[in-house]
Each structure stands twice: as structure tokens, then as C-alpha cells.
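In: quick one, fold the following:
(2 chains)
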Number of protein chains: 2
Amino acid sequence: MTKSGGRGGTERLVVIGGDAAGMSAASQARRLKGPGELEIVAFERGRFTSFSACGIPYWVGGDVPERDDLIARTPEEHRARDIDLRLRTEVTEIDVAGRRVRARDVDSGAESWTAYDKLVIATGARPVRPDLPGADAPGVHGVQTLDDGQALLETLARARGRRAVVVGAGYIGVEMAEALINRGFEVTVVNRGKEPMSTLDADMGRLVHRAMEGLGITMVNDAEVTGIRTGDDGHARAVATAHAQYPADVVVLGIGVRPQTALARAAGLPLGGHGGLLTDLGMRVRGHEDIWAGGDCVEVLNLVSGQEQYVPLGTHANKHGQVIGTNAGGGYATFPGVVGTAVSKVCDLEIARTGLREKDADRAGLRYETVTVESTSRAGYYPGASPMTVKMLAERRTGRLLGVQIVGREGAAKRVDIAAVALTARMTVEQMTALDLGYAPPFSPVWDPVLVAARKATAKVRAAAAAGAAS
Amino acid sequence: MTKSGGRGGTERLVVIGGDAAGMSAASQARRLKGPGELEIVAFERGRFTSFSACGIPYWVGGDVPERDDLIARTPEEHRARDIDLRLRTEVTEIDVAGRRVRARDVDSGAESWTAYDKLVIATGARPVRPDLPGADAPGVHGVQTLDDGQALLETLARARGRRAVVVGAGYIGVEMAEALINRGFEVTVVNRGKEPMSTLDADMGRLVHRAMEGLGITMVNDAEVTGIRTGDDGHARAVATAHAQYPADVVVLGIGVRPQTALARAAGLPLGGHGGLLTDLGMRVRGHEDIWAGGDCVEVLNLVSGQEQYVPLGTHANKHGQVIGTNAGGGYATFPGVVGTAVSKVCDLEIARTGLREKDADRAGLRYETVTVESTSRAGYYPGASPMTVKMLAERRTGRLLGVQIVGREGAAKRVDIAAVALTARMTVEQMTALDLGYAPPFSPVWDPVLVAARKATAKVRAAAAAGAAS
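Out: The predicted structure is shown next:
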């Protein structure tokens, strides 16, 4: 049943985007269906496939020696698995009614149409580039692609001085601050928000702020960048805000990404409030039986808030690809949603969150109690025990866990997984107090920090219930 | 309502045992009821209270400098909270019908009766001492109490040579092997089982075996100790098995513990198949409204197997104490059971387990699939990424998670918490594949090792279902 004009007896799966979601989907579909049953064509605008964007800060910082270390699977490896991968080929139009895509060879400019029976949209994210004077000057870098990383490394190698300014204090911003410190730069982070890491509540972001200062990073909060000042040679020389100028030999933009969905929008596919594609639980684009979408171009359901959220993370992209490939390959799989887990670090400071922040819970219409506890990563008497702060949100009355934020040193980040699983299982904080977590002095106090928080949250929920049964 | 003969208007709570469970119970009851309402009398045979037995190997090994570092709360601190703590006072009889206990002053031998309204039994565990020639010789040490640790340290300091033999290769055995290596001893571990760490399946124990050998530890498996040979001075000089003799300047016994329930047995209280007290979910001794028991002298429900189990761990003892103290103080709390989580390490090797081993699942009447995967602690390209082996058991047909075992380096042990929470929530391995766990290159590969195992287990459960719907 060649609907696509593919080779006799086969269907054709077309994949737009050769990174985590797209190539995971292609690989998984190939596992389920051989080339005699399913032809797979993948279009990628760039020169690389399946690379770890999350690894770029560590390559720039020198922890990862080579660019190619970040490539999980090369174009040749994909081709060896009978995936017709077309690099430097940009899809410029999706014709949903005609079941075909138009693609342009980036080098020659030549365009042609390719028919599909099944389509995967994995167009990823585009970095937010501020509309500011000087934002495109030499010396100003994003860190979205491997080419971005290479260009930044070249700028660092040639830099006249050792002053770096990072614009933005989210995950990319703080990871790039670490990378630049590791390269011997003096780092200033300019942040629009009240505290760094706006994915945490401000009281927890404040802990990150203090720790960053302890690492010698200059942290400028509440500061809107108004422009990048350039020198006579046109090269970036300073980052300007309304109140100050921060000299810079290199400027790194880490102000987040948006779903890259212009193609999908033009094709009339359904987008959500964050600009990402909307899918069903099988990662099918809503209303379109044979079109799937995944990775940084989609919105996902937050299982705690019950609302769609935009969470561009490689771990989700890989899961989406796996689910899409299974379904496109004739199997059955679902992606039920996320709970909002994210972990990061700045040097030895670990930062983690899952579930809802206070403002997320407010927005979701939830009432809650919050507690914050100080504990340690190991038994207090064991060498290397380091302080850890855990903030926990629990729903009023029901005591259901709503969110956890952790800031600490070694062992802080991955502890959030305990809460991530508990959120998925919709546990109450009281149920959590009985969790049978791993205990030995080198790994945890006898009450794990997450359990200490759960105990305190239980007491607070109970006290609130006792204080006002009607409230 | 002075039933006990306590001071006017108060009830009396008597606690037998001044360690984790007993003193946590006493402290929590005191939080809920002041001394005007509740008199609390605690009897402790030894000289210490609330010490971390789990920390003894690290004190012996030198990681923890001082004995007193292991004491969470001193007798004076307990007394300052209006707990009438009587050290070196051993309870010799419980008169259930008469609601009183008989106690003996260890030093003077004087005995007297104390009435109670409420009783907490927290008599702990006794170490298994083999009935072998030489087992009581100087130079042979258990590591159950602080006095044991002190005596062992003195033997180590005076030892003629540097050869140590550890009998037993469970948690205490492997932790003591590490401690003795840290003290500069050549260590031989003599183990009755096929592989060390019988709390793991033998295939995973085999990985521990190899790693211990890599650390320079001589591992002797399948070996039953027949006696301790002593020198002319009566001091232990070798450990003998049927087939060999292992020279020893010091011998450490790490062959486990049993519930210390002779008192309870004599009082006619209900004991289970493992010799531990049986309680309800509120930690009340079954059939006895005003007697609670917790810590190393009770059996607990394993939530995965549905069977009673003996799990002497400080983390449970503390939870038991908390629950008992809440209930004895007039509140309400429960201890629903365990899932069988335990973590340990030998030098940089981390060992973890939760849920059921193959033989536990067999014994519980469960059919299952097993998978074992190799992954890494961090993104493969990130410095310090170390190999990690994860074994997973899933129930046939339902795919419910039954157990996880992990052997690896940094980051291996506490990963088992993911599975511990999933077991508590009775998740299937397929549900686990969608878990939103923390991902960043320094902390995890994009698919966390536990998720890699869950994916493989899901595939195996599905394949088994497809292969034989009737099986």
C-alpha cells in the first residue's frame, strides 16, 4: 500500500529534525519495522544528528574534551540502519492535505517535495535572541548548537581580556557561568529576575545567589539588558542595563528557548498557549492520525497542575522519540506527562526542582502549605556531610505532595527523584514519611532530608486542618 | 487516672531499651504530652543512649574520629526533657497481667518492680555468636555496641601483625572489610554463602566479589567456619574452615543479628517466624492495646511480598519510635511496612537493593521476569561517569515492579530510592519508563540507568505475554 510513492509495498515515514526526538523516533520505528516495510527519510537543517545540547556548557568549560563526544549517534550510524538521512536540508513547508513536505537544500537552494504516509515533527527550539542593539555583534554567543559552542570556544581563545558576561540566570545561564569560570574568566551574570534560577521560588533562588557569589561570580539581579556596547572593531565590549555597564570580552546569551513551530503553525497544526504543538498521549498531533510531534517543539501535560507546560529537556525529547517511534512503527506506547523535574549545578552547588513552585500552584488553583528544612547529605558525623536545604509544598487538606526544591552540594540534585516518583504516584506527604529509602551513614542521615521535609509538611498540614476545618 | 502509681494525675510510660526506637518513642511522646500528663521512665542496660550502630564501622575505620560523634542524644539531653532515664538497668521480666516490669541494677544487682500504664519494648537485636571453639577468645570481636567498637580499636592498636579475618559477608562484613583496609590491615573475608552480600542475588553478589578482590580483599566463599585457633597466650591467631586456616591478628564477627525477644517471649507476647515481635500498623503488639514494640526486636511487613520480614535497620527503628511515640502520646500514626531497601559500600563500591530477590519472589509465590543492564552514573562523555549494573525483577503479566539491585560506584546506592518509591506505589515497570527523573550530564545519562532497566523489563514482560498468553 504505497500511498507515498515510496518503494513498492512500503510506507514512508518522514522525520523533520535530526536531533534527540526525531532520530530516537526514527531508530525505534526502524527497530519495529525493517526497510522492506517502512522507508524512513529524515531531514536535518544542520550538519549533525543526535547531539547532546545539554552537554555544550561542559564542552565549553573543558570538562568534555571534544565536540564529537557530545554526538550520541552520527549520520553514518543512522544511515547504516537504513535511515535516509538528508543533512543541510531544511523543510520549508508541510502540506498536510497533500501529505507531503517541501525541503530545500541549504547549500544549493534547490527545493523539492517529498510525500509521506507518516510524519514526525521534531523541529526543536529556537533560542530567544533579544531585540537589542549589538545583539548580533561578534563576541555575543548563544549556546544552542554545536556550531554555537565551537564559535564561543574560538572567541574565548582569542579574547582580549578575561571578563565574561552571561545574560540570563536560568539553567543555561548558571551552567555557562561555571564553564566560563573553568576557563579562567571573571564572570558577571545579569538577570532580569529577582533571584537566579526562576524555576525555583525566590527564597530558594536566594540560596543559589549566595552560593554563586561564594564562587566569585558577580550576580546582578533585577536588571534588564538594554544593549550590547561594541568597540571600534564592532566586537562586543560591554553589556548595558538601565543603570550600569558591565565590561565584557565575551557575552553569552542564556535567556531560554521557544518552540520552533513556524512550520507547524503555517500548516494549521494545533499550538498551545506556550507556542508548542499539542499532542495526545501517544504524541500524535491532536486531530491528525498520522502526524506525531515530540521534543522541544511540543507542550507537555504537567501531571501535578493538570496544565500544559513547555519543558525543553533532552530527557523528555528522548522519551517522546521512543513513544513516537513505537507508535509510528505499529506498536503502542504513551507519554503520560511530566512532573517538572530539573537538575543542574554551578561548580559544586547542586540545584533541583520537581512539581510546582508557589506561583505554579497558585496558577493551578491549588492551596498549599510550604516548609523548608535544613539537613545534610550524609550522617552528620560522616566525613563530607554537606548542608542541604529542602523546600516542600503540600496541598491543604489532602496533604498531597505538590513540589520539592533542593539546593545543596553532593547528593542534593538526584534526591529530587524521590519526590518525582512520589508526585507521579500522587502520594501525600504523610505517605512519604514512611518511605523506605536507602540509609547508611555515607549516603544519608537516618532520616533522609526529603523525609525530614515530609515530616514537617505533614505536621503543618495537620495543624492547618486542626486550626480551621472550614478554611 | 493514676493506674500505675505514678505521680498524681499522670500516666506512666515505661520504655525498655534506650536506643533509636525506644528513645525516639520517648522523645516523641514527650513532645505530645508534658510531664504533668505523662511520666516517662526508660530502662537501658548499657551506658549509652541513641547511638548510631550503623556508624560503628566508620568509627573503627577512622572516618569518624570519636565514639561520641555516634551518639545522637546523650542521657543528659534525654533527662533534660523530663525523661527518667535509668542506665545500666536491665529489665528482667514483663508482667503483662500486672502491668509492671522488673528491673535490675546491673552494678548492685538490686531488683525492683515498676508499674506502667503504657509500655514500649525496644530491646533491639543480639549479634549471632557462633557456637565455635575460640569464639570468645581475645582478639575476636563483634561490632554491635559502642563498647564492642572500643574493644576492637584497642585490639587493632595492639595487634602483633596486620592480618584481619572478617567472618560474614553481609552489610556488616563488607563494611568492616573496608574499615580494616583503612586501618592498614590485609583483609580476608570468610563467607558461608556462594557470593558476598546474600541480600543480593548471586549474579549481583558476584560483581561485589570481583570488586572486593580488586580492592585487595581476599574473598573466601562457600566456607563454613569450624573454629577460631588461638595461640599460647589464648589470643585468636587464625580462623579455621573445613578446608583451610586463615591467619588472623584480629577476627571480626559480622554474621548478623537476631531479635532480642527473650523477655517478650517469657511474657507470652506474640512472636513471628523470624523470632521478632508482631505488631499492628500502629506498632502495637498484637492483642495488647497498651504495649508497643519497635526497632530491631520486631518483624515488619514487606509490602511487596506481603510477608513478615526481619529487617534490623536504624532507619526503621527511628520511624517505629516516631510512630510509637505519637500513638503513646495520644496521637495517631502508622508504619505501613517496608519494601526492603538497603544500601552499603565497600570503599568506592556502592551496593543497593530494594524489593524482592529472585528467591524472595519465589517464596512469595510470584512469577517474574528479570533483566540486568549496564549503564553509567553520568552522561557517558562527562568526567567521572562510572559503570553501574542494575538488575530488575518485574511480575509476569502485570509487569509490576518487584525488586531492584544496583552495584556501581558514585551515585549507584541512592538511585535505589527511585525503585523504593515505585515499589511503594506499586508501579509497573512500564509506568516507570515514563518517570520524570532529574537529568543533566553531571548527574545521569539522558536515560537514567533505572529507566534503562525499566525499558528492558517492559520489553521482556511484553514479549513473555505475547509468547504465551496461557502461561
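
In: where does chain A dip in pLDDT?
Out: Within chain A, the ranges that satisfy pLDDT under 70 run A:1-8, A:469-471.

In: need the residue closest to the centroid of it.
Out: Nearest to the mean C-alpha position of chain A, by Cα atoms, centre = their mean, lies A:L313 at 2.7 Å.

In: ok, which stretches of the stretch 51-200 of chain A are strands?
Out: A:84-86, A:89-95, A:100-105, A:111-115, A:118-121, A:125-127, A:140-141, A:163-167, A:186-190 (DSSP state E, counting those that start in this stretch).

In: which positions in the third one come out as buried?
Out: Spelled out, that is strand A:100-105. Buried positions in strand A:100-105, judged by neighbour count with 16 or more other Cβ atoms under 10 Å in any protein chain shown: A:100-104. Any C-beta I mention is one placed from the backbone N, CA and C, and that applies to glycine too.

In: report the angle between it and strand A:89-95.
Out: 150 degrees (axes from the mean of the first three to the mean of the last three Cα atoms, to 10 degrees).

In: strand A:100-105 pairs with which strands, parallel or anti?
Out: Here strand A:100-105 has these sheet partners by DSSP bridges: strand A:89-95 (antiparallel), strand A:111-115 (antiparallel).

In: and whatever residue of the stretch 1-150 of chain A ends up closest to chain B, how far from A:W59?
Out: The minimum distance from the stretch 1-150 of chain A to chain B, using Cβ to the nearest Cβ, falls at A:D69 (3.9 Å). To A:W59, A:D69 is 7 Å away according to Cβ to Cβ, to the nearest Å.

In: same question, A:A463
Out: Going from A:A463 to A:W59 by Cβ to Cβ gives 50 Å.

In: which one of these two is surrounded by more residues?
Out: Between A:A463 and A:W59, counting by other Cβ atoms under 10 Å in any protein chain shown, A:W59 is the more crowded of the two (25 against 10).

In: my read: that one touches A:G149, true?
Out: Yes: between A:W59 and A:G149 a contact is recorded at 5.6 Å, counting by Cβ atoms under 8 Å.

In: give the intersection of the neighbour lists for the two.
Out: A:R67 (Cβ atoms under 8 Å, 6 or more residues apart in numbering or on different chains).

In: follow-up on the earlier one: residues near the residue of the stretch 1-150 of chain A closest to chain B, how many?
Out: A:D69 sits with 18 neighbouring residues when counted by other Cβ under 10 Å.

In: for it, which non-adjacent residue is closest in space?
Out: Excluding its sequence neighbours, the residue lying closest to A:D69 (Cβ to Cβ, 6 or more residues apart in numbering or on different chains) is B:Y381, at 3.9 Å.

In: just A:V120 next, same as before
Out: A:V15 (4.4 Å).

In: which helix or strand contains that neighbour?
Out: According to DSSP states H and E, A:V15 maps onto strand A:11-16.

In: A:L423 too?
Out: Going by DSSP H and E, A:L423 is part of helix A:416-424.

In: what's that helix packed up against?
Out: Counting contacts by 3 or more Cβ pairs under 8 Å, 6 or more residues apart in numbering or on different chains; DSSP states H and E, helix A:416-424 is packed against strand A:349-355, strand A:401-408, helix B:416-424.

In: centre of the chain to the helix or strand that it is followed by, how far?
Out: Downstream of helix A:416-424, the first helix or strand assigned by DSSP H and E is helix A:429-433. Centroid displacement of helix A:429-433 relative to its chain, using Cα atoms, centre = their mean, to the nearest Å, is 29 Å.

In: ok, back up a step: let me know the closest of the buried residues of strand A:100-105 to A:G329.
Out: A:V101 (19.8 Å; Cβ to Cβ).

In: tell me the contacts of the closest residue to A:Y310 other than its chain neighbours?
Out: Once flanking residues are discounted, A:Y310 sits nearest to A:H274: 3.8 Å by Cβ to Cβ, 6+ apart. By Cβ under 8 Å, 6+ apart, the contact set of A:H274 is A:259, A:299, A:308-310.

In: follow-up on the earlier one: and the strand holding A:V15, how far out from the chain's middle?
Out: So, by Cα atoms, centre = their mean, the centroid of strand A:11-16 is 26 Å from its chain's centroid.

In: and if you look at stretch A:245-264?
Out: Using Cα atoms, centre = their mean, the offset of stretch A:245-264 from its chain centre is 14 Å.

In: ok, now stretch A:283-302?
Out: With Cα atoms, centre = their mean, you get 17 Å for stretch A:283-302.

In: thought A:A240 was touching A:V251, still the case?
Out: No: counting by Cβ under 8 Å, A:A240 is not a contact partner of A:V251; they are 10.9 Å apart.

In: name the residues contacting each of these two.
Out: With Cβ under 8 Å, 6+ apart as the test, A:V251 and A:A240 both reach A:I228.

In: how is chain A divided into domains?
Out: Split into domains by automatic domain parsing, chain A comes to A:11-126+A:258-328, A:140-255, A:342-460.

In: got those domains as JSON lines, with distance to B:K194 columns?
Out: Shown next, in JSON lines, are these (distance: least, Cβ to Cβ, whole Å):
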{"stretch": "domain A:11-126+A:258-328", "distance to B:K194": "37"}
{"stretch": "domain A:140-255", "distance to B:K194": "46"}
{"stretch": "domain A:342-460", "distance to B:K194": "24"}
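
In: out of those domains, deepest packed?
Out: A comparison of those by mean neighbour count, using mean count of other Cβ atoms under 10 Å in any protein chain shown, puts domain A:342-460 on top with a mean of 23.

In: what's the spacing between that domain and its chain's center?
Out: Domain A:342-460 sits 21 Å away from the centroid of its parent chain (Cα atoms, centre = their mean).

In: got it, and stretch A:306-319?
Out: Per Cα atoms, centre = their mean, the centroid offset for stretch A:306-319 relative to its chain is 7 Å.

In: go on, stretch A:217-226?
Out: Relative to its chain's centre, stretch A:217-226 lies at 23 Å (Cα atoms, centre = their mean).

In: endpoints of that stretch, how far apart?
Out: 21 Å (Cα to Cα, to the nearest Å).

In: stretch A:122-134 now?
Out: 31 Å.

In: one more: stretch A:407-417?
Out: For stretch A:407-417, the end-to-end distance is 14 Å (Cα to Cα).

In: repeat that for stretch A:435-445.
Out: 14 Å.

In: ranges for the helices of chain A?
Out: A:20-32, A:56-60, A:75-80, A:146-158, A:171-182, A:202-214, A:262-266, A:314-328, A:358-363, A:416-424, A:429-433, A:449-467 (DSSP state H).

In: quick one: A:L402 and A:L366 touch, right?
Out: Yes: counting by Cβ under 8 Å, A:L366 is a contact partner of A:L402 at 6.4 Å.

In: for these two, list the residues in contact with both.
Out: Shared contacts of A:L402 and A:L366, counting by Cβ under 8 Å, 6+ apart, come down to A:356, A:395.

In: about what we covered before: so which of the helices and strands packed on helix A:416-424 is nearest A:A333?
Out: Using Cβ to Cβ, the nearest of the helices and strands packed on helix A:416-424 to A:A333 is helix B:416-424, at 18.4 Å.

In: quick one, the closest one and helix A:449-467 angle?
Out: Going by the same axes, to 10 degrees, helix B:416-424 makes 40 degrees with helix A:449-467.

In: outside of helix B:416-424, which residues touch it?
Out: Under Cβ under 8 Å, 6+ apart, the answer for helix B:416-424 is A:415, A:417-418, A:421-422, A:425, A:427, A:431, A:434-438, A:448, B:303-304, B:339, B:341, B:343, B:352-355, B:392, B:401-404, B:406, B:431-432, B:435, B:437, B:448, B:450.
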